[in-house]
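S.K.: Make a model of this:
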Amino acid sequence: MGENQTMVTQFILLGFLVGRRIQMLLFGLFSLFYILTLLGNGVILGLLSLDSRLHSPMYFFLSHLAIVDIACVCSTVPQMLVNLLNPAKPISFTGCMTQTFLFLSFAHTECLLLVVMSYDRYVAICHPLRYSVIMSWRVCIVLAVTSWACGSLLALVHVVLILRLPFCGPHEINHFCEILSVLKLACADTQFNQVIIFSGGMFILVGPLCLVLVSYSRILLAILRIQAGEGRRKAFSTCSSHLCVVGFFFGSAIVMYMAPKSCHPEEQQKVLFLFYSFFNPMVNPLIYSLRNVEVQGALRRALCKECHSH
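M.R.: Numbers count the residues shown, from 1 in each chain. Presented below is the predicted three-dimensional model:
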């Protein structure tokens, strides 16, 4: 029986099943979004590296978030753009598994980074006098490395479990190389994989979200005790930008991976995945630059320096 289950060597990514004109429109739109994502996060990284006033733990973690966002879109969007131009162009099995691993790694790492950033804000607002001791550079580096390592390790577990499954056809993925869509093509029972995905979702989505909510409930109580209006406004400004990112990211991810699949059909899952993997990385730098006074100041100083140099 195992001999008859020929190994699939490539997949066809169907993507968006729309007319040719709509595909060209989507290609142009997604290309613009892709460029804006790279440009926005690139500007954030440039500002954080060049402006010494932003060399603090908060912006250290923000730089890692920008790197993750750039890596996340680079692992999925180029293939999506190629498919819009040539829907019949296949992707190799190895390429598909690599894309799955990279996307999961970056998505998991972003979850953990958002928790670390919420903890950083909690310490800064609730324990300001001990902030430099608690959030030392050694601690920051350990937290960042741990986030990357745990995210990659959990992604590796999912991919290894997928590689144990036989794939004997069909070979068309009505999505992108995303773990739930790939599992649908397996010629075996995937119940164990589904259980691991749900358990992983509890660990990497629900658990971190609860930690973030606990941190921000403590932060909110501390902010309400601040007497100075300017200090309260600055604290709200800094934390509200982070909460916007958390809301966008965890909300779409939990609906995608934790909600019953009967709640949203396949085409809606495709839109959810697009929002979760594409639009979040694009709006993250906009949220931080528009709602963060210090980043705005760094951008103005960089532009003024550029104008004076000319």
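
S.K.: Near residue 175, how many residues? Count them for me, please.
M.R.: 20 (other CB atoms under 10 Å). The C-beta positions use only the backbone N, C-alpha and C, and glycine is treated the same way.

S.K.: Which element, helix or strand, includes the closest residue to it other than its chain neighbours?
M.R.: Spatial nearest neighbour of residue 175, chain neighbours left out: residue 181 (3.7 Å); criterion: CB to CB, 6 or more residues apart in numbering. Per DSSP states H and E: residue 181 is located in helix 179-183.

S.K.: cool, and residue 240?
M.R.: Assigned by DSSP H and E, residue 240 falls in helix 229-257.

S.K.: what do you get for residue 175?
M.R.: Using DSSP H and E, no helix or strand contains residue 175.

S.K.: any chance you could read off phi and psi for it?
M.R.: phi -170, psi -140 (degrees, to the nearest 10).

S.K.: Over to residue 177?
M.R.: phi -80, psi 80.

S.K.: and the gap between it and residue 42?
M.R.: As for residue 177, its distance to residue 42 is 25 Å (criterion: CB to CB, to the nearest Å).

S.K.: number of nearby residues for residue 233?
M.R.: 13.

S.K.: got a list of what the spatially closest residue to residue 150 that is not a sequence neighbour touches?
M.R.: Spatial nearest neighbour of residue 150, chain neighbours left out: residue 112 (6.0 Å); criterion: CB to CB, 6+ apart. Listed by CB atoms under 8 Å, 6 or more residues apart in numbering, the contact partners of residue 112 are 146-147, 150-151, 204, 208.

S.K.: circling back: now tell me what touches the helix holding residue 181 from outside.
M.R.: 96, 100, 104, 158, 162, 165, 173-175, 190, 193-194, 197, 257, 269.

S.K.: out of those residues, who's nearest residue 223?
M.R.: Nearest to residue 223 among the contacts of helix 179-183 is residue 257, at 32.1 Å by CB to CB.

S.K.: Pretty sure the closest one sits against residue 205.
M.R.: Yes - between residue 257 and residue 205 there is a contact under CB atoms under 8 Å: 6.9 Å.

S.K.: what helix or strand does residue 294 sit in?
M.R.: Counting by DSSP H and E, residue 294 is part of helix 293-309.

S.K.: Which neighbouring elements make contact with the helix or strand harbouring residue 215?
M.R.: Using DSSP H and E, residue 215 sits within helix 207-224. Contact here means 3 or more CB pairs under 8 Å, 6 or more residues apart in numbering; DSSP states H and E; on that basis helix 207-224 packs against helix 93-126, helix 229-257.

S.K.: Just say which of these is most tucked in.
M.R.: Ranked by mean neighbour count, these are led by helix 93-126 with a mean of 22 (mean count of other CB atoms under 10 Å).

S.K.: what's the angle between it and helix 229-257?
M.R.: 150 degrees (axes from the mean of the first three to the mean of the last three CA atoms, to 10 degrees).

S.K.: can you list the weak-confidence ranges in this structure?
M.R.: 1-7, 88, 170, 227-231, 234-235, 237-238, 241, 260-269, 289-291, 306-310 (pLDDT under 70).

S.K.: how does it look with 80?
M.R.: Along the chain, the model assigns pLDDT under 80 to residues 1-9, 14-20, 86-89, 168-172, 174-176, 224-245, 248, 252, 255-278, 286-310.

S.K.: now the spatially closest residue to residue 127 that is not a sequence neighbour: how far from residue 119?
M.R.: Spatial nearest neighbour of residue 127, chain neighbours left out: residue 134 (6.5 Å); criterion: CB to CB, 6+ apart. Residue 134 is 9 Å from residue 119, where distance means CB to CB.
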